[in-house]
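Participant: With the sequence up front, the predicted model follows.
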Amino acid sequence: MKQFKPHLPAEWEHRSGVLISWPTKSTDWYDNLADAEATYVELIKLITLNNHVYICCYDSDTRQHVQQCCRAVGIPSERFELFTVPYDDPWTRDYGPISLVRRNETVWLNFKFNAYCGVETDTLALAQLQKCFPKHGGIPVQCRSLLKQFGSLHCITMQIL
């Protein structure tokens, strides 16, 4: 029998959805917020053709705005889900779950994120993820500390649920 090796899922593998965080004026996109939002709307429109999109919204105002933007371009409401979750960066690769496929299940790695200045927010991030995605939860997997910035672990699969 062929031995199964756990792996990070590729972009083309089956997934239950894609996680993104909406850009706001308090994020990197401040100077180009209108363009960034237009790009996000197009991105959501394309992703929802074949996938579900989980959208993190910084606050209730952002949530309402995102709902209006999606509705304005005809994105079906059953193809996306909005969550109010505070964040300071729209790059979910920096704080979203990292999925690992092992045998017949996908698990989220309980990794240690060494942030820019050594700020550790893993516990808060995991609590927020479990609150937003109670069906998925977070399964602790023993792994080494990961330094995710500047090429160490940059890939879209970190946003795939």
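Facilitator: Looks like it came in fine. Numbering: from 1, shown residues only.
Participant: Do you have the strands of this structure handy? List them.
Facilitator: 18-21, 53-57, 80-84, 99-102, 105-108 (DSSP state E).
Participant: And the pLDDT for Asp31?
Facilitator: According to the prediction, Asp31 has pLDDT 90.
Participant: burial measure for it, as a count.
Facilitator: Neighbourhood size, Asp31 [other C-beta atoms under 10 Å]: 8. C-beta coordinates here come from the backbone N, C-alpha and C atoms, glycine included.
Participant: before we move on, what about the one 3 residues further on?
Facilitator: Per other C-beta under 10 Å, the neighbour tally for Ala34 reads 8.
Participant: again with Cys57
Facilitator: 21.
Participant: Adjust the sequence numbering to begin at 13 for everything that follows.
Facilitator: Got it, the first residue is 13 from now on, which makes the last one we talked about Cys69.
Participant: who does it bridge with?
Facilitator: Assessed by DSSP bridges, Cys69 has beta-bridge partners Thr96.
Participant: how close does it get to Arg83?
Facilitator: 14 Å (C-beta to C-beta, to the nearest Å).
Participant: hang on, the earlier thing: got TSV for the strands of the chain, with mean pLDDT too?
Facilitator: Conversion of the strands of the chain to TSV gives the following (pLDDT from 0 to 100):
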stretch	mean pLDDT
strand 30-33	90
strand 65-69	94
strand 92-96	94
strand 111-114	80
strand 117-120	77
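Participant: Determine the set of other helices and strands touching the lengthiest helix in the chain.
Facilitator: Ranked by residue count under DSSP state H, the longest helix found in the chain is helix 45-59. If you count contacts as 3 or more C-beta pairs under 8 Å, 6 or more residues apart in numbering; DSSP states H and E, helix 45-59 packs onto strand 30-33, strand 65-69, helix 72-84.
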